[in-house]
Structures are given as C-alpha cells and as structure tokens.
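Asks: only geometry, no sequence info:
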C-alpha cells in the first residue's frame, strides 16, 4: 500500500505586493493570471518552496539543508555536493546540475571522427509538488504611490501594485519516494509555519501560514481537493466542491483533516457530520495527522512526533 499526502492551504487575509524585484517603469508589479475568466494575482510555487527551505534552515530543528540562504551575499550557498541522503532539501525538493562539455571539439571531432565530448546532467525530481498560489478574489487594480526618502532622482517617485486578498495553493507528496520517509514530518511542520513568501522585498510582511487548511492522507493517486476554497463577495469562505465530492463518494471523509477558521462554519459542521476530522486549530490538526502518518508508516521516531 502506498500512501499519499495532499493538501490545500488558505492563507490569512493581507496586502500582497511585488516579491520578485520586477517592475514596469516606476511601477512594481504583481504577478497575474486569468483564473476563471478574471484577473487574479498569483505567487509562484518556487517562492513557496524557497520559503520552506528557509524554514528548515532557520527553524532550529535537526534539519541539514544544502542550499542555505546567505543574507550577506543575498544568494543561496551550497554546503556540499547534491546528496539526498544528507540534505533534506535535496531529498524533498530535488535538484539539477547541468554542465556542458569541458573541452572544445577537436578537429577530428568536428569532422565527425572520434568520440565527441559530452556534458553531464545530475538531477533528482522533487518529491514535494506545489501548485501556484492564486488569490481568492480578482485583482481590482489597486496601486499605491510613494516617494523614496533622501536625495531625489528619476526613480524617487514610484508606484506599487497591491492586492488585499487571501491565497490558496496545494501540494502533493508520496513519502515512499523520499530517501528518508520520515521527512514527511518536517514538510508538514514547514508548510504550517510559512511566514516569508509574499511581500515587497521584505518591506511588507504577508503571512503565508494557513488560516484554514484541508489535508488528505490517502491511498488514492489523485488529490481531488486542490483549490477547493471559495470566497464570496461578502468575504465568506466555503468548501462546496469538497463537500460535494465527499457526499458523492469520490473522497472518503475519514481521510480528511479540515482545520482553521473554516472549522467554525456550517461547512465545517457538515464535513464533521460526514466523518471528516475537523479541528479549530491548524497546528493541532497537523499534530494529529502526524501521529496518524507515523503509525501508518511505522516511523522509528514516533516518540518525537508531537
């Protein structure tokens, strides 16, 4: 039996702004996409994965990270060769190192004679798959105008696109594909604690930890829960597609852990009636799921699971 962990996470409400250092003229822009026929803002899966690695680097746990973020250099610094046994990020997030041939073709090679030098490609596919985060409401085009302090120049006056919204994103992980199966635990710890994903070059703070979440621990190959949160014009959050899929039997309710603000709503009550694990606290929900995972996978460090 192969278990899969799927999740759909809804962030808290906040003001998102540029987090990738790009602009159009004097306007720092948000990333956008068409979502159900309307313009929504979005945050890349790469930004979420970067934040997860940074969590492991700085959380103080027993996590050894290969690509460490150096604030002085403002860049990632490799601690050694790629090694999924030693480094949690190489195991969970994967890596790729491609190098071209280290010598020029000889005259004989150019003529098609002799063996040509080839490049190398060292790669491991990431076990953790993350979707792009999408805003729960369309972008209305809000821009703030600002002026830099100190000496003024051509770029002193600038504008910033901002979006007051929540984001939702999903993830999938099959622990049997990990070099160390137990690393599913720090993945959950990290995803429930992300804090530095969006924002404006660290000038703005946007909390990416879950306000609500849906987790599914199952032997089903398909998530069936991605982008399941809906927000109406009054700002109310609901889960109609998820409830429908449980009611018609596509999802077994007991495979679900539903937590956060959504728990204290009629939708949360309905899912609890159907048999889902519904808890008010996201950290408590993750803790109980970790116990279930530890039991099912017979993890050796069961005593260390909180």
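Replies: Yes, it's here. Because the structure is a prediction, the values reported are computed rather than measured.
Asks: pLDDT weak spots in the stretch 201-306 of the chain?
Replies: 201-204, 300-306 (pLDDT under 70).
Asks: quick one: the helices in it?
Replies: Chain-ordered helices for the stretch 201-306 of the chain, with DSSP state H, counting those that start in this stretch as the definition, fall at 240-247, 266-274, 282-297.
Asks: likewise the stretch 1-150 of the chain?
Replies: Using DSSP H, counting those that start in this stretch, the helices of the stretch 1-150 of the chain run over residues 45-58, 88-93, 107-110.
Asks: go through these and pick out the most buried.
Replies: Of all these, helix 88-93 carries the top mean neighbour count, a mean of 24, counting by mean count of other C-beta atoms under 10 Å. Quick note: C-beta positions are derived from backbone N, CA and C, even for glycine.
Asks: identify all contacting residues around that one.
Replies: Around helix 88-93, the neighbours that count as contacts under C-beta atoms under 8 Å, 6 or more residues apart in numbering are 49, 52-53, 56, 63-67, 82-85, 124, 126-128, 173, 178-180, 183, 186-187.
Asks: please pick the buried ones from those residues.
Replies: Of all the contacts of helix 88-93 considered here, the ones buried according to neighbour count by 16 or more other C-beta atoms under 10 Å are 49, 52-53, 56, 63-67, 82, 84, 124, 126-128, 173, 178-179, 183, 186-187.
Asks: between the helices of the stretch 201-306 of the chain, which gets nearest to residue 5?
Replies: When these are compared for distance to residue 5 using C-beta to C-beta, the nearest one is helix 282-297, at 7.3 Å.
Asks: what's near enough to touch the nearest residue to residue 11 once chain neighbours are set aside?
Replies: On the basis of C-beta to C-beta, 6 or more residues apart in numbering, the spatially nearest residue to residue 11 that is not a chain neighbour turns out to be residue 167, at 4.8 Å. With C-beta under 8 Å, 6+ apart as the criterion, the residues that contact residue 167 are 10, 11, 16, 42, 43, 133, 134, 135, 136, 198, 208.
Asks: now, which of those sits nearest residue 258?
Replies: residue 10 (11.0 Å).
Asks: quick one, what contacts that closest one?
Replies: Neighbouring residues of residue 10 by C-beta under 8 Å, 6+ apart: 136, 166, 167, 168, 210, 211, 212, 213, 229, 237, 260, 262.
Asks: most centrally placed residue in the chain?
Replies: Centroid check for the chain by C-alpha atoms, centre = their mean gives residue 48 as the closest residue, at 3.8 Å.
Asks: so which of the contacts of helix 88-93 are in strands?
Replies: Among those, the residues falling in strands (DSSP state E) are 67, 124, 173.
Asks: out of those, which is nearest to residue 272?
Replies: The shortest separation between residue 272 and any of those is 25.5 Å, and it belongs to residue 173 (by C-beta to C-beta).
Asks: any idea how far residue 144 is from the closest one?
Replies: According to C-beta to C-beta, to the nearest Å, residue 173 stands 38 Å off from residue 144.
Asks: neighbours of residue 264, just the number please.
Replies: Residue neighbour count, defined by other C-beta atoms under 10 Å, stands at 11 for residue 264.
Asks: format the helices of the stretch 1-150 of the chain as CSV; extra columns: distance to residue 76.
Replies: Formatted as CSV, the entries for these read as follows, by distance: least, C-beta to C-beta, whole Å:
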stretch, distance to residue 76
helix 45-58, 9
helix 88-93, 10
helix 107-110, 36
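Asks: for these, which one sits closest to residue 255?
Replies: Going by C-beta to C-beta, the one of those nearest residue 255 is helix 88-93, 22.2 Å.
Asks: where does the stretch 51-200 of the chain have low pLDDT?
Replies: For the stretch 51-200 of the chain, the stretches with pLDDT under 70 are 102-117, 198-200.
Asks: pretty sure the residue nearest to the centre of the chain contacts residue 208?
Replies: Yes. Counting by C-beta atoms under 8 Å, residue 48 touches residue 208, with 7.4 Å between them.
Asks: overlap in contacts of the two?
Replies: 194, 197.
Asks: circling back: tell me which two of the contacts of residue 10 sit farthest apart.
Replies: By the measure C-beta to C-beta, those have their two most distant members at 167 and 262, which lie 15.0 Å apart.
Asks: so of the contacts of residue 10, which ones are in strands?
Replies: Secondary structure of the contacts of residue 10 is defined by DSSP E; positions in strands are 167, 168, 210, 211, 212, 213, 237, 260.
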